[in-house]
Structures are given as structure tokens and as C-alpha cells.
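[1] Fold the following and give me the result.
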Amino acid sequence: MPDLSVNRLALKLVKDLCNRADECNVTVKESNMGTCIIDAGIEAKGGFLAGRTITEICLGGLGEANIASMRLGKLELPSISVFTDHPAVSTLGSQLAGWRIKVGDYSAVGSGSARALALKPKSVYEKIGYRDRSAEAVLVLETSKEPPKEVITYISDSCGIAPDKLFLILVPTSSLSGFTQISGRIVETGIHKLLELGFDPRLVNYAFGSAPIMPLHPDYVEGMGRTNDAILYGGVTYYAVDYGNDGILESLVARSVSSASKQYGRPFTEIFKEAGLEFYKIDPNIFAPAVMSINNVKTGKTFTSGKINAEVLMTSLGFSKD
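    Below is the predicted model:
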């Protein structure tokens with residue numbers, strides 16, 4: 001799909017977001033280098049609408065997102081659902097938070113279509129056989145600080161574009177925009193897990209997923225825990241694939257859900273604190289959707305594994321188990 005440019009498609013959504021800045025509670029400004037900076041939650045209010053739009057921008061314009069509701073125990077929570085007809089490119093080739101940016105004292109996590117120009121990480125693009133060609137780039141930064149000149153230069157140089165052709169969207173993890181767009185990564189989480197287990201993501205034809213948008217928390221660790229719990233204990237995914245072996249698919253689905261982890265069953269904040277706030281000390285198998293279903297379009301069979309764990313989600317929110 002060389003003629004599908006995730007940057008050019010995403011830029012259409014970015015320009016629409018800029019045109020609706022007041023409606024979406026975001027602010028737009030131009031840096032002294034000409035870079036377009038969109039604040040979606042640092043000083044700006046942000047919200048559901050910004051988060052939904054940023055989810056679609058992260059998907060490189062190759063997917064859609066909608067806000068709905070989801071019943072969890074005694075709570076009716078907002079949720080986000082996402083679908084795409086270009087799963088590998090939209091999620092792994094764009095949405096994946098795969099660019100760890102560290103320049104001096106500044107650090108952020110980059111996701112979105114600019115990654116397809118900078119090839120961050122290169123191994124992922126080799127596996128999906130995709131690279132974008134665009135004179136403009138869009139990058140979403142999970143950060144609570146505006147990037148300085150040195151960071152903008154690093155990003156634009158990595159993408160091979162001029163700074164005035166770069167569009168940066170800043171989304172703090174702790175904001176409602178952040179909570180919304182993180183839950184909107186549910187489909188990507190499942191595809192990335194399949195990739196890690198050796199499945200070729202190019203065999204996934206269509207994908208759908210949904211996850212709750214958890215209530216906000218002022219503490220960074222608690223908030224980050226809730227965003228993870230939304231995926232690990234409340235995230236539901238569905239994929240249609242073209243594959244020749246039902247037995248392998250059935251086994252794959254069983255290993256592709258969070259309940260396959262030895263650390264499953266507790267709020268992520270507890271797991272994270274027990275690991276000394278070090279991600280590498282956490283069992284990587286936990287980073288998966290709560291539920292995965294795969295329909296094999298070659299045979300017509302569908303396999304599913306996992307469940308929504310309302311009890312852990314309610315514990316994560318501070319509710320008693322009774």
C-alpha cells in the first residue's frame with residue numbers, strides 16, 4: 001500500500017482539529033521554528049472530543065473512533081471503540097507508541113504517523129513492509145511539557161523534513177484527552193501482542209476493539225495504572241485474519257490476552273509499585289487486551305479467549321469488592 005500516506009491522511013485530521021480548536025478545547029500556536037504546536041491537555045482543557053480525534057490522528061487517518069458507554073459492576077463508564085480496515089499500517093505503522101524521545105533533560109513518548117518517516121522502530125516497519133513518503137509529518141507526544149528547540153530539530157531531522165512542516169500534538173497522560181486516546185490504543189495493543197508472538201500482522205484484514213475510559217486521578221502513578229487497567233481488564237478486541245491453520249490460531253488467541261500473565265489479577269498500580277516503578281521488571285505478558293477474538297476468514301471459524309474483569313477494575317477505582 002505505497003500510495004497510502006499516513007502522514008498526509010493524518011494531516012487532514014490535524015487541520016480539522018486546528019479549525020475546531022475552541023470546540024475541542026485545544027490551543028494552537030506556531031513555534032519560533034514554524035512548527036505547529038497543539039496543546040491538548042497541558043494548559044488547554046482538552047477532553048473526550050480531542051481524545052477521540054487524536055486517536056484517529058494516531059491511526060494515520062486509517063481508522064475511526066467513537067465514544068460510547070460501558071457497564072462495569074456498579075458503574076456506567078464512558079468507553080471508546082475503534083475500527084480499521086488497514087490494521088497493520090494504522091496501528092503498528094502509526095499509532096504504536098514506539099518512539100522514545102530523549103534529548104537533554106527532555107523526554108517524551110512519540111506516536112503517530114511521523115514514525116513512518118523516521119522508522120521508529122525500524123524493525124517494526126520491516127515486518128509490516130511499510131514506509132511513508134511525505135514532506136509533512138504529524139507526531140503525538142505523551143508529555144506534560146512543551147518541547148524545546150533542540151527536540152523539534154531532532155524530530156524534524158529524523159523525519160527528513162523542515163521544522164515548519166512538522167505538526168506536534170501534546171497530550172499529558174493524566175489528562176482526559178490522554179486517558180481517551182490511551183484506551184483508543186486497544187486494537188494496537190492486541191496486534192502488537194500478536195506480532196510479539198510471531199504472527200504476521202499483514203494477515204490481519206480487519207480489526208475492532210473497545211475499552212473503558214477510566215475516571216481521572218491526580219496522582220501520576222495511579223492515573224497511569226488506571227489507563228493500563230482499562231486495556232488489561234476491560235479491553236475487548238476482534239480481528240479477522242486470513243490464515244491456514246486453525247489450531248495455531250486457537251493456541252495464539254489463548255496466549256494473547258492479559259490473563260495469560262502470571263501477574264494477572266491485580267490493579268496495574270500494585271504490580272508497578274511492586275516492581276519498583278520499573279517496567280522491565282513486569283511480566284511482559286500482562287500487556288495485552290482482556291479479551292481477544294479472531295475470525296479466520298479462510299475457514300470461517302472464530303476463536304476467543306479472556307474476559308472483562310470488572311472486579312479488578314472496580315478495585316482499581318477504589319470500590320470495595322462486595
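[2] What are the boundaries of the helices in the chain?
    Counting by DSSP state H, the chain has helices at residues 6-19, 21-24, 48-58, 87, 115-118, 122-128, 149-159, 176-183, 186-196, 220-234, 246-255, 268-274, 310-316.
[3] ok, and what's touching the second one?
    This points to helix 21-24. Contacts to helix 21-24, defined as Cβ atoms under 8 Å, 6 or more residues apart in numbering, come from residues 17, 27, 28, 38, 40, 46, 47, 49, 50, 53. Glycine gets a C-beta too; all of them are placed from N, C-alpha and C.
[4] show me where pLDDT drops low in the stretch 51-200 of the chain?
    Along the stretch 51-200 of the chain, no part satisfies pLDDT under 70.
[5] okay but residue 69 is in contact with residue 81, surely?
    No. Judged on Cβ atoms under 8 Å, residue 69 makes no contact with residue 81 at a distance of 10.6 Å.
[6] Looking at those two, which has the bigger crowd around it?
    With neighbours defined as other Cβ atoms under 10 Å, residue 69 and residue 81 compare such that residue 81 has more, 19 against 10.
[7] so how far is residue 194 from the closest residue in space to the more buried one that isn't next to it in sequence?
    Using Cβ to Cβ, 6 or more residues apart in numbering and skipping residues adjacent in sequence, the residue nearest residue 81 is residue 210, 3.9 Å away. Per Cβ to Cβ, to the nearest Å, residue 210 is found 18 Å from residue 194.
[8] ok, now residue 292?
    Separation of residue 292 from residue 194 (Cβ to Cβ) stands at 9 Å.
[9] what's the overlap in contacts for the two?
    In contact with both residue 292 and residue 194: 239, 256, using Cβ under 8 Å, 6+ apart.
[10] residues in contact with the residue nearest to residue 306 when sequence neighbours are not counted?
    Nearest non-adjacent residue to residue 306, counting by Cβ to Cβ, 6+ apart: residue 257, 3.4 Å away. When contacts are counted by Cβ under 8 Å, 6+ apart, residue 257 touches 288, 289, 290, 291, 292, 305, 306.
[11] Pull the contacting residues for the nearest residue to the second one once chain neighbours are set aside.
    Nearest non-adjacent residue to residue 289, counting by Cβ to Cβ, 6+ apart: residue 235, 4.2 Å away. Counting by Cβ under 8 Å, 6+ apart, residue 235 touches 183, 186, 189, 190, 209, 210, 211, 289, 290, 291.
[12] what bridges to the fifth one?
    For residue 209, the beta-bridge partners under DSSP bridges are residue 82, residue 237.
[13] Do I have it right that it meets residue 236?
    Yes. Applying Cβ under 8 Å, one finds residue 209 in contact with residue 236, separated by 6.2 Å.
[14] which residues touch residue 27?
    Per Cβ under 8 Å, 6+ apart, neighbours of residue 27: 21, 38, 39, 43, 44.
[15] What is the most widely separated pair among the residues you listed?
    Among those, the pair separated by the greatest distance (Cβ to Cβ) is 21 and 43, at 12.8 Å.
[16] Give me the pLDDT for residue 3.
    Residue 3 carries a pLDDT value of 77.
[17] What of the one 4 residues further on?
    According to the per-residue confidence, residue 7 scores 98 in pLDDT.
[18] distance of it from residue 62?
    When distance is defined by Cβ to Cβ, residue 7 is 11 Å away from residue 62.
[19] cool, residue 24 as well?
    21 Å.
[20] wait, which of the contacts of helix 21-24 is closest to residue 222?
    Closest approach to residue 222 among the contacts of helix 21-24 (Cβ to Cβ): residue 46, at 19.0 Å.
[21] was I right about the closest one contacting residue 40?
    Yes. The pair residue 46 / residue 40 is scored as a contact, 4.6 Å apart, by Cβ under 8 Å.
[22] shared neighbours, these two?
    Residues touching both residue 46 and residue 40 (Cβ under 8 Å, 6+ apart): 24, 25, 26, 171, 175, 177.
[23] quick one on the thing from earlier: quick one, which of the helices of the chain gets closest to residue 165.
    With Cβ to Cβ, the closest approach to residue 165 among those belongs to helix 149-159: 7.4 Å.
[24] Any buried residues in that closest one, and which?
    For helix 149-159, the neighbour count (16 or more other Cβ atoms under 10 Å) marks 151, 152, 153, 154, 155, 156, 158, 159 as buried.
[25] The residue nearest the centre of the chain and residue 235, how far apart?
    Nearest residue to the geometric centre of the chain (Cα atoms, centre = their mean): residue 185, 3.0 Å. From residue 185 across to residue 235, the span is 9 Å (Cβ to Cβ).
[26] What of residue 162?
    Distance, residue 162 to residue 235, by Cβ to Cβ: 38 Å.
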